[in-house]
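Asks: one predicted model, sequence on top.
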Amino acid sequence: MEWLMQPEIWASLLTLTVMEVVLGIDNIVFISVIVSRLPEQMAARARAIGLAMALVFRIALLSVLSWLVGLTAPLVTIAGHDFSWRDAILMAGGLFLLFKATHEIHKGIEGDEDEERGAAARKVSYGAVIAQILVIDMVFSIDSIITAIGMAEHLGVMVAAVVIAMGIMYLASGPVAEFIKHHPTTKMLALAFLLLIGVALVADALGFHIPRGYIYFAMAFSAGVEIINVIAGRRRRRAREARAA
């Protein structure tokens, strides 16, 4: 256990934890959007289950690092590009995000008939929500862990970083989900983020890497603008209420 007293171990733990939290933003946004149509108690349960599954996937993948690294080995060459299992998984996940975000945007604009079908339909929807979270957790977990490989030498450091990051994500997921639920415009913005993430995953699968810093900057800038709009809207409502009183 002498390695626990080495400063570089703690530095790698901090760096890896921060990176896992940043990479987990995609997961938080997806889960927050996908559970927004569920009743409050079911939504909270679905968020907890979703993040628990993400934690299990990440720890399980860390326990089979040799197999995970093998996912990056070329599988087939198409048009001069070597496709691996990782590329195939990222492609499938990216296309799923593009489809899901587009579908949710359509329902948000055209209306959702499922809301009129009663509790039975909501139960089916809950199962569908868990299944979708399961699929995207697998994609984000593989991408996250493969990206993290090499930043820490000890498996214990990697597991600790993942657990800490998931704890932070769990604490953040509730406020993010509530904010999206009570501000419809932010849900559309979150869906636009998912479209952006889906495009980035597909591009990665095709060999065109888009630096995540650019994507996260665009997301942070748009979120900042939306927060200003929300604050301005509240002030306008308060001003109207004051004049009416």
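Replies: Nice, I can see it.

Asks: how about low-confidence regions in the chain?
Replies: Applying pLDDT under 70 to the chain picks out residues 1-8, 65-70, 110-124, 147-155, 245.

Asks: how about a cut-off of 50?
Replies: 114-124 (pLDDT under 50).

Asks: as a check, name the ranges of all helices in it.
Replies: Counting by DSSP state H, one finds helices in the chain at the ranges 7-23, 25-34, 40-62, 65-70, 85-110, 118-148, 155-182, 184-205, 212-244.

Asks: need the winner for burial among those.
Replies: Most buried of the helices of the chain by mean neighbour count (mean count of other CB atoms under 10 Å) is helix 25-34; its value is a mean of 24. Every residue, glycine included, has its C-beta placed from N, CA and C.

Asks: out of the helices of the chain, flag the one nearest residue 77.
Replies: Minimum separation from residue 77 across these (CB to CB) falls at helix 85-110, 11.3 Å.

Asks: same for the closest one, what does it pack against?
Replies: Using 3 or more CB pairs under 8 Å, 6 or more residues apart in numbering; DSSP states H and E, the elements in contact with helix 85-110 are helix 25-34, strand 74-78, helix 118-148, helix 184-205.

Asks: just put the ones you listed in JSON lines and tack on distance to residue 222.
Replies: Shown next, in JSON lines, are those (distance: least, CB to CB, whole Å):
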{"stretch": "helix 25-34", "distance to residue 222": "12"}
{"stretch": "strand 74-78", "distance to residue 222": "34"}
{"stretch": "helix 118-148", "distance to residue 222": "20"}
{"stretch": "helix 184-205", "distance to residue 222": "6"}
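
Asks: out of the ones you listed, which comes closest to residue 157?
Replies: Set against residue 157 and scored by CB to CB, these come closest in helix 118-148, at 10.2 Å.
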